[in-house]
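Trainee: Curious how this folds, go ahead:
(one chain, ligands or ions: 1)
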Amino acid sequence: MQFPFIWPLAACLLVACSTPQPSTPTMQFDPSRYQTQQLTVDGKAFTVRAYENLATVARPVDAAYQAINIYVPEAYFHGQAVGNFTAQTAPIFLPNQIGGYMPAKPGTPTGRTGPPGDSPRASTIAVALSKGFVVASPGARGRTAPTGKAPAAIVDLKAAVRYLRFNDARMPGDAEKIISNGTSAGGALSALLGTSGNSPDYAAALAALGAADVRDDIFAVSAYCPITNLEHADSAYEWQFNGVNDYKKIEVSMLDFNVQRKEVAGSLSAPQISLSADLKAQFPAYLNRLALRGPQGQPLALDSAGQGSFQAYVQSLVIASAQTALDAGKDLSGLAWLTVQNKVVRELDWDAYVRYAGRMKLPPAFDALDLSSGENQLFGTATVDKQHFTTASAQRSTASGATQADAHTVKQMNAMAYIGAANTARYWRIRHGTKDRDTSLAIPVILATTLQNQGYAVDFALPWDVPHSGDYDLAELFAWMARISTAP
Ligand code: DHB
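Mentor: Residues are numbered from 1 along each chain as shown. Just a heads-up that it's a prediction; the model follows:
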């Protein structure tokens with residue numbers, strides 16, 4: 001990338017003078033239109049230039065969401081370095097604010113500072129800026145609007161990436177080093193953005209919106225507890241939680257990890273218990289079709305009862321997580337389901353661990369038979385608010401006149417569908433807490449392992465006892481980002 005400041009003028013003159021109606025007139029980044037913001041991180045004050053609510057497409061259908069906020073350390077306009085980076089080399093951190101597949105506005109450095117109830121902490125965007133990253137936070141349409149149904153959110157994220165690449169020479173930061181970040185639904189979309197670079201599947205939608213006609217592949221992905229692979233998530237959930245008949249569920253309005261959750265306890269009915277068994281029984285065939293391999297090259301598979309090397313591998317990752325916690329001084333002595341000898345975690349009783357994590361969702365966890373889930377609404381259309389997206393649930397539907405989303409749209413939302421089939425990001429960091437029960441542990445394990453098996457660089461861990469949340473380890477996240485950005 002280049003960043004001479006005479007470029008904007010030259011580019012602007014070219015476009016404005018030679019073409020009466022350029023297709024992307026509003027998408028030229030103008031470095032002179034900013035507001036100065038003072039931020040403080042760890043007691044240190046610094047200045048950034050804020051470029052807010054810039055349109056990412058020429059023909060938005062929902063301008064409040066098809067927009068991006070860009071923040072640049074002031075130092076970069078004075079030829080100075082911040083940490084390891086300069087205006088030319090700084091990676092562009094791309095945190096989305098999406099939760100619950102709801103519409104999301106672009107983020108700000110003073111906005112969300114972590115889930116409600118958490119102790120206050122510096123915002124992810126402010127910390128990134130303090131370390132010299134250029135930050136570009138994209139908005140995205142969401143499921144509650146007729147125009148926000150699948151695949152709207154991923155189309156909007158891709159448009160944001162294209163905006164940054166289109167404007168690479170006009171702004172600080174390196175558009176060949178875009179690092180996406182998101183949590184939960186936002187983690188799923190971060191992963192999807194990373195796997196599906198330049199896929200023709202989104203070309204028509206991007207063209208219709210007037211997105212810049214440039215590449216949309218990205219350099220790296222950070223994803224916290226990605227709620228992805230939705231068409232296999234129901235069977236994966238029952239593979240893990242079958243046998244746990246008591247649940248603590250939340251209202252659909254609280255799916256978003258950003259909002260305070262209130263749990264309602266209950267027990268599965270006899271038909272639900274039977275459905276759980278049916279869904280669980282579907283999982284081994286899917287898992288075995290993937291032909292995954294573990295770190296030693298060992299095949300990861302399941303028998304028809306859901307037992308086998310894949311289960312052992314997931315269990316070993318939870319044991320590794322416990323070991324890391326123990327090594328860090330955490331007292332695990334109260335957990336009877338862990339066997340610890342001489343400071344080594346030797347064994348874990350899987351069923352007891354699963355009960356400890358606890359069931360949150362009723363079968364089917366995602367494609368609800370009465371169309372009541374957030375994902376049902378995600379897969380609606382401009383005229384039909386909610387639809388099924390799996391044949392298993394469509395066949396069992398209790399909603400009168402229910403319809404099913406077309407397979408292409410379902411594919412467009414699944415990060416798994418594009419690994420290696422599109423321009424997939426080279427670097428990955430995936431985190432999913434061992435106390436997360438919004439989706440099965442199998443989902444992030446399958447995502448990380450598929451990427452690993454295809455040769456991508458994956459940093460994957462299940463942080464101990466962490467519930468459904470993200471951005472809880474910013475020091476490690478930004479250290480990873482600095483490492484991959486400066487790797488040869
Ligand atoms: C989120 C959580 C869920 O349980 C889900 O099904 C979808 C999204 C979220 O927090 O974004």
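Trainee: Now for the residue of the stretch 201-350 of the chain found nearest the ligand, how many residues are close by?
Mentor: The nearest approach of the stretch 201-350 of the chain to the ligand comes at Phe257, 3.4 Å away (Cβ to the nearest ligand atom). No exception for glycine: its C-beta is placed from N, CA and C like everyone else's. Counted with other Cβ atoms under 10 Å, the neighbours of Phe257 add up to 24.
Trainee: Remind me which helix or strand it belongs to.
Mentor: For Phe257, there is no enclosing helix or strand under DSSP states H and E.
Trainee: That one and Tyr101 touch, don't they?
Mentor: No. Between Phe257 and Tyr101 there is no contact under Cβ atoms under 8 Å: 11.4 Å.
Trainee: Check what pLDDT Met27 gets.
Mentor: The model reports Met27 with a pLDDT of 89.
Trainee: List the backbone torsions phi and psi for Pro138.
Mentor: phi -90, psi 150 (degrees, to the nearest 10).
Trainee: Run through the residues that contact it.
Mentor: By Cβ atoms under 8 Å, 6 or more residues apart in numbering, Pro138 lies in contact with Thr56, Ala67, Ile68, Leu94, Asn96, Pro106, Asp156, Leu157, Ala160.
Trainee: one more time with 10 Å
Mentor: Applying Cβ atoms under 10 Å, 6 or more residues apart in numbering, we find Pro138 in contact with 56, 65-70, 94-98, 104-107, 153, 156-161, 163-164, 180, 182, 189, 193.
Trainee: how far away is it from Ala407?
Mentor: As judged by Cβ to Cβ, to the nearest Å, Pro138 and Ala407 stand 27 Å apart.
Trainee: go on, Leu54?
Mentor: 35 Å.
Trainee: now do Ala328
Mentor: From Ala328 across to Ala407, the span is 45 Å (Cβ to Cβ).
Trainee: more crowded one of those two?
Mentor: More neighbours surround Ala407 than the other of Ala328 and Ala407, with 11 against 8 (other Cβ under 10 Å).
Trainee: you'd agree the more buried one is up against Phe389?
Mentor: Yes. In terms of Cβ atoms under 10 Å, Ala407 counts as a neighbour of Phe389; the distance is 9.1 Å.
Trainee: any shared contact partners between those two?
Mentor: Glu231.
Trainee: Report the secondary structure state of the residue nearest in space to the middle of the chain.
Mentor: Central residue of the chain (Cα atoms, centre = their mean): Gly187, 1.2 Å from the mean position. In terms of secondary structure, Gly187 is helix; the call rests on DSSP: H, G, I helix; E, B strand; the rest coil.
Trainee: Can you check the pLDDT for it?
Mentor: 98.
Trainee: Give the full set of residues in contact with it.
Mentor: Counting by Cβ under 10 Å, 6+ apart, Gly187 has contacts 96, 98-99, 180-181, 221-228, 257, 415, 430-432, 444, 447, 470.
Trainee: that older thread, which of the contacts of Pro138 fall in strands?
Mentor: Ala67, Ile68, Asn69, Ile70, Leu94, Pro95, Ser180, Gly182 (DSSP state E).
Trainee: got those residues as TSV, with pLDDT and distance to Trp350 columns?
Mentor: Listed next are the ones in strands among the contacts of Pro138 as TSV, based on pLDDT from 0 to 100; distance: Cβ to Cβ, whole Å:
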residue	pLDDT	distance to Trp350
Ala67	98	46
Ile68	98	44
Asn69	98	44
Ile70	98	46
Leu94	98	37
Pro95	98	34
Ser180	98	33
Gly182	98	29
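Trainee: and which of those residues is nearest to Pro200?
Mentor: Closest to Pro200 out of the ones in strands among the contacts of Pro138 is Ser180 (20.4 Å), distances taken as Cβ to Cβ.
Trainee: Show me what secondary structure element comes after whichever helix or strand Ala285 is part of.
Mentor: Using DSSP H and E, Ala285 falls within helix 270-290. Next helix or strand after helix 270-290 toward the C-terminus (DSSP H and E): strand 292-293.
Trainee: what is the mean pLDDT for that following strand?
Mentor: Mean predicted lDDT for strand 292-293 stands at 98.
Trainee: Identify the residues contacting that strand?
Mentor: So strand 292-293 is in contact with 298-301, 309-310, 313, 445-446, 448-450, 452-453, going by Cβ under 10 Å, 6+ apart.
Trainee: Return the members of these classed as buried.
Mentor: Listed as buried from the contacts of strand 292-293 are Leu300, Ala301, Ser309, Phe310, Tyr313, Val445, Ile446, Ala448, Thr449, Thr450, Gln452, Asn453; burial here means 16 or more other Cβ atoms under 10 Å.
Trainee: related to what we said a few turns ago, which neighbours do Phe257 and Tyr101 have in common?
Mentor: In contact with both Phe257 and Tyr101: Ser184, Ala185, Gly186, Ile227, using Cβ under 10 Å, 6+ apart.
Trainee: I'd guessed Pro444 sits against Ser184; true?
Mentor: No. Contact criterion Cβ under 10 Å: Pro444 and Ser184 do not qualify, at 11.4 Å.
Trainee: which neighbours do these two share?
Mentor: Joint contacts of Pro444 and Ser184 (Cβ under 10 Å, 6+ apart) are Ala223, Tyr224, Cys225, Pro226, Ile227, Thr228, Asp436.
Trainee: Look at Ser253 and say how many residues are nearby.
Mentor: Neighbours around Ser253, by other Cβ under 10 Å: 12.
Trainee: if I pick it, what's in contact with it?
Mentor: Contacts of Ser253 by Cβ under 10 Å, 6+ apart are Gly100, Met102, Val259, Arg261, Lys262, Gly374.
Trainee: at contact distance from the ligand, anything in stretch 235-248?
Mentor: No. Using Cβ under 6 Å from any ligand atom, stretch 235-248 stays clear of the ligand, coming no nearer than 10.0 Å.
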